[in-house]
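Asker: Provide a 3D model corresponding to the input given below.
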Amino acid sequence: MAVFKELLTAFPRTGTLEWIGCRPARRAPVVTHRSMKVLERGLEEDRVLRAGKRSVTLIQAEHLPVMAALLQTDDVAPEILRRNLVVSGINLLAMKNAVFSIGGAVLQGTGSCAPCSRMEEALGPGAYNAMRGHGGITASVLEPGNIAIGDAVTFLRLPEEA
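Answerer: From the prediction side, this is the model:
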């Protein structure tokens, strides 16, 4: 039988970076990019450049249709959610406390990224609750690097293994 630590570090496959977005100014529309430089403080063109636990925000692509179903709408576009990165194929919540790479950048998951009250404004009544548990994670940047759509999202280690 596997020990708990082995279970936490075993992923069936790598994920994929599906979407990159930056918020150029407060309340400004999110700008989509095909590639981006990840700095120590976050994505190069994002207005929220801060070193620390919330340098990058990520959301699970597979959760977008779930949110749409809960909202009884056709789809939920990543731009509306105002996260930086959308990833697919790997359980993002399992990366919440892990060190992982995306392209040439190395990140560490630091916590859940809860929805904000603006989701009601952006998506309508009930959007806040539709996103609860599906809002993604926050991450700090351990090693800056370049990322691009299609890059692998790969679990590297648990933080205490550093």
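Asker: which residue sits closest to the residue nearest to the spatial centre of the chain, ignoring its sequence neighbours?
Answerer: Of all residues in the chain, the one closest to the mean position by C-alpha atoms, centre = their mean is residue 58, 0.7 Å from it. Computed as C-beta to C-beta, 6 or more residues apart in numbering, the closest residue to residue 58 that is not its neighbour in sequence is residue 85, at 4.6 Å. For the C-beta atoms, the positions are set from N, CA and C on the backbone; glycine is no exception.
Asker: just checking, that neighbour touches residue 61?
Answerer: No. Using C-beta atoms under 8 Å, residue 85 is not in contact with residue 61, being 9.9 Å away.
Asker: So which residues of the chain form helices?
Answerer: According to DSSP state H, the chain carries its helices in the segments 4-9, 63-71, 78-81, 118-123, 127-131.
Asker: Let's have these in CSV, adding mean pLDDT.
Answerer: Output for these, formatted as CSV (pLDDT from 0 to 100):
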stretch, mean pLDDT
helix 4-9, 86
helix 63-71, 94
helix 78-81, 92
helix 118-123, 87
helix 127-131, 89
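Asker: Just tell me which of those ends up closest to residue 19.
Answerer: With C-beta to C-beta, the closest approach to residue 19 among these belongs to helix 78-81: 4.9 Å.
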